[in-house]
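> build the 3D model from these lines:
(4 chains)
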There are 2 protein chains.
Amino acid sequence: MTIKDVANKAKVSTATVSRVINNKTEGLTEEMRQHVQKVIDEMGYTPSHLARGMVTKKTYTIGLVIQDICNPFFPKMVSGVENVAYENGYMVLLCNTDEDLKREKDYISILREKRVDGIIITVSNGKNKAYISNLIAGDIPFVFLDEIAEDVNCICVDNTLGAYQATKHLIELGHEHIACLSGPDTSITNQDRVMGYKKALVESGLSIHEELILKGSYKADSGYRNTEKIIKDFQHVTAIFCANDFNALGAYEAAVAHGKKVPEDISIVGFDDILDIPANQFAFTSVSQPTYAMGQAAATMLIDIISNKELKESVITFEPMLIPRDSTASPK
Amino acid sequence: MTIKDVANKAKVSTATVSRVINNKTEGLTEEMRQHVQKVIDEMGYTPSHLARGMVTKKTYTIGLVIQDICNPFFPKMVSGVENVAYENGYMVLLCNTDEDLKREKDYISILREKRVDGIIITVSNGKNKAYISNLIAGDIPFVFLDEIAEDVNCICVDNTLGAYQATKHLIELGHEHIACLSGPDTSITNQDRVMGYKKALVESGLSIHEELILKGSYKADSGYRNTEKIIKDFQHVTAIFCANDFNALGAYEAAVAHGKKVPEDISIVGFDDILDIPANQFAFTSVSQPTYAMGQAAATMLIDIISNKELKESVITFEPMLIPRDSTASPK
DNA sequence: CTGAAAGCGCTAACAA
DNA sequence: TTGTTAGCGCTTTCAG
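Okay, here's the model as predicted:
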């Protein structure tokens, strides 16, 4: 059933039907509108977004490229994006990349074919210049969420501050030998967290020991291995700042496996605050991010760009918040 | 940039370009294909899915209507759907309803406008005949995920069996007075769980006390209130079967608030297994569902329907699995 | 205020 | 093997 069928049945032109389904107020009598609307309702006609998109060059669809929806860090972000999109008449195409760069590129190319109005991307390779410039050249509006990069619109959290808060917390508890489990070095987010860790040390008059900053990924096994190393090689370490909660989890498991108690023998701070659930009797100290608000902000910014609104700022930085819980305490 | 531009530059017809971008093997020399492909690459041409969809009547897009992505029960399902979709060349439009029926209907109508090839729906109103028949009348293929309904294709778990396992577990621990916190009565899923609860009681020679089956919703506050009632009015009850984990959580909190210890004073079994996280020192006994596989199955079934494949079965039922943990024990 | 008609970018008969 | 051309269902100028 097409607009033509409706036009025929209502004995009007397709232009008139088009005016009605698009709520054009001008150039249309109220009688006409009601007459046509009635026919539309009777026939159960649904206009085709495809055909409309072809002529208007707008799809009211945005792509959301996300690393892993099963990672508890993301659902709230997705929800924030989705809500703002819905309220503004947009729909979101979900692109789960499983952290596979090939799949991510593939998705972006498909999104381009689908002529989405814009893309929100949460990646962890803000340092990949080629990737970024290719995106920019794609002439489709996009905003980065979570990760930041040069010359692109971003929604992020102040990672340096968060890491600073976490490390400061350990220092205030009395720790002097604090290790740092860092994430992937392709990520500016991670780089900033390491920076915040260092900043807190320096500011407190503690010296930075590069060997206590262990390189790794954002996965639990990286945290596990690095913590084993710390337990073996650096026995004076009493606290660990982890670049994210998966690392913290791995650290916890390694500590337990090696007979260390948390927090009595070793304190652990995570980042992202994804390990907290109600009724939990042991919870991790972590740096929490306002993920829902960040998702909302990303969608709002993208839609503003799409609508050619003047952007007040091209980077919106949210404040993280340290939440002290059960995995940190003063050293014995 | 359109197919026409490519055709001009390559000095061929649009039909030829179309053949190349659609990988038509027949009626095309390899030289021609390479020549055209080269021009396409040089120009950075991306075909429009919109235009293609208009003529082929296929969008390679499916809608996924989900209640709440932030509920830990769903992300794995979403991921299962998304993965199968991706592998088959489909994309998924995420529709989060926040359990708002109006929003759900709105989304379904938009999906229709978008001419998606099919829809996967996870709702909790399988008893709403009008809703279902409206869906069927919509002539767009759909499958229900999680919830079941008459005359529709569904992917579900054997809820009766799961509830049976859970209740049986309590009985085997020695409990004789077992309450049941049920969910919304619009849901067949919930109805089946209550049935499984009853079945286990009867089979073990215990009698069913209707007053111990409390009506509620799938939310924590419902579990909280109902548990308070049990603690006050039915002091002989030593165990509670909850229709889902949010109820179990509410039950746990109510128990603690009233000075009862779990599981010493009262055992609690949940359903869905969403409260378990690693490094957790207290975890709920719950009935686990293979949500990832269910998501995969839903996408596979939908794509089969879209592709006009013969469906082996219109309802696929997965087996749930009881996971005994820390919230259940023998009564004192 | 309403209608006629061109055209959005592509595919698929049908012709050549 | 390649090209011509008629749509797909809509919006939007431009006439009337």
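> so A:Leu135 touches A:Ile108, yeah?
Yes. A:Leu135 is within contact range of A:Ile108, at 7.2 Å (criterion: C-beta atoms under 8 Å). Heads up, the C-betas are built off the backbone N, CA and C, glycines and all.
> pLDDT below threshold where in the stretch 151-300 of chain A?
Judged by pLDDT under 70, the stretch 151-300 of chain A has its weakly predicted residues at A:279.
> which residues in the stretch 201-332 of chain A form strands?
A:213-214, A:239-242, A:267-272, A:285-288, A:315-318, A:321-323 (DSSP state E, counting those that start in this stretch).
> can I get the fourth one as PDB, trimmed to CA atoms?
As requested, the backbone C-alpha atoms of strand A:285-288 are provided in PDB (Å, rounded to 0.1, in the frame of the first residue of the first chain):
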ATOM      1  CA  THR A 285      36.400   0.600  45.800                       C
ATOM      2  CA  SER A 286      36.200   2.100  42.400                       C
ATOM      3  CA  VAL A 287      36.000   5.300  40.400                       C
ATOM      4  CA  SER A 288      32.400   5.700  39.100                       C
END
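> show me what it is packed up against.
Secondary-structure packing of strand A:285-288 (3 or more C-beta pairs under 8 Å, 6 or more residues apart in numbering or on different chains; DSSP states H and E): helix A:159-172, strand A:267-272, strand A:321-323.
> deepest-packed of these, please.
strand A:267-272 (a mean of 30; mean count of other C-beta atoms under 10 Å in any protein chain shown).
> partners of that one, with directions?
Note on strand A:267-272: by DSSP bridges, its sheet partners are strand A:239-242 (parallel), strand A:285-288 (parallel).
> which stretch among these is buried most, on average?
Note that of the strands paired with strand A:267-272, strand A:239-242 is the most buried (mean count of other C-beta under 10 Å), with a mean of 31.
> any idea how far that one is from the chain center?
Computed by C-alpha atoms, centre = their mean, to the nearest Å, the chain-centroid distance of strand A:239-242 equals 23 Å.
> what comes into contact with that strand?
With C-beta atoms under 8 Å, 6 or more residues apart in numbering or on different chains as the test, strand A:239-242 has contacts from A:163, A:166-167, A:170, A:173, A:175, A:177-181, A:197, A:223, A:227, A:230, A:248, A:251, A:266-271, A:328, A:331.
> for DNA strand D, what are the nearby residues on the stretch 51-200 of chain A?
On the criterion C-beta under 7 Å from any atom of the strand, DNA strand D has as its neighbours in the stretch 51-200 of chain A the residues A:Ala51, A:Arg52, A:Met54, A:Val55, A:Thr56.
> which members of these are positioned in helices?
Within those, residues falling in helices by DSSP state H are A:Ala51, A:Arg52, A:Met54, A:Val55, A:Thr56.
> any idea how many residues pack against A:Thr56?
Residue crowding around A:Thr56 was assessed by other C-beta atoms under 10 Å in any protein chain shown; the count is 11.
> pLDDT score assigned to it?
Per-residue pLDDT puts A:Thr56 at 96.
> A:Leu93 belongs to a helix, doesn't it?
No. Using DSSP: H, G, I helix; E, B strand; the rest coil, the assignment for A:Leu93 is strand, not a helix.
> please name the residues that touch the residue nearest to it when sequence neighbours are not counted.
Residue nearest to A:Leu93 in three dimensions, not counting chain neighbours: A:Gly63, with 4.8 Å by C-beta to C-beta, 6 or more residues apart in numbering or on different chains. Neighbouring residues of A:Gly63 by C-beta under 8 Å, 6+ apart: A:Val92, A:Leu93, A:Cys95, A:Tyr107, A:Ile108, A:Leu111, A:Lys114, A:Val116, A:Gly118, A:Ile119, A:Ile120.
> ok, and the most crowded of those residues?
A:Ile120 (28 neighbours).
> beta-bridge partners for that residue, please?
Beta-bridge partners, per DSSP bridges, of A:Ile120: A:Leu64, A:Val143.
> wait, it touches A:Val143, no?
Yes. The criterion here is C-beta under 8 Å, and A:Ile120 meets it with A:Val143 at 5.6 Å.
> mind listing the shared neighbours of the two?
Jointly contacting A:Ile120 and A:Val143 under the rule C-beta under 8 Å, 6+ apart are A:Ala298, A:Leu302.
> if we can go back for a sec, out of the strands paired with strand A:267-272, which comes closest to DNA strand C?
Closest approach to DNA strand C among the strands paired with strand A:267-272 is made by strand A:285-288 (45.3 Å; C-beta to the nearest atom of the strand).
> for that closest one, what is the distance to the chain centroid?
Distance, stretch centre to chain centre, for strand A:285-288: 17 Å (C-alpha atoms, centre = their mean).
> and for stretch A:67-78?
For stretch A:67-78, the distance to the chain centre is 8 Å (C-alpha atoms, centre = their mean).
> and stretch A:106-126, by the same measure?
Counting by C-alpha atoms, centre = their mean, stretch A:106-126 comes out at 14 Å from the chain centroid.
> distance between the ends of it?
Stretch A:106-126 has an end-to-end distance of 18 Å (C-alpha to C-alpha, to the nearest Å).
> for that stretch, what is the average pLDDT?
92.
> follow-up on the earlier one: quick check, nearest of the contacts of A:Gly63 to DNA strand D?
Looking across these and measuring by C-beta to the nearest atom of the strand, the closest to DNA strand D is A:Lys114, at 16.3 Å.
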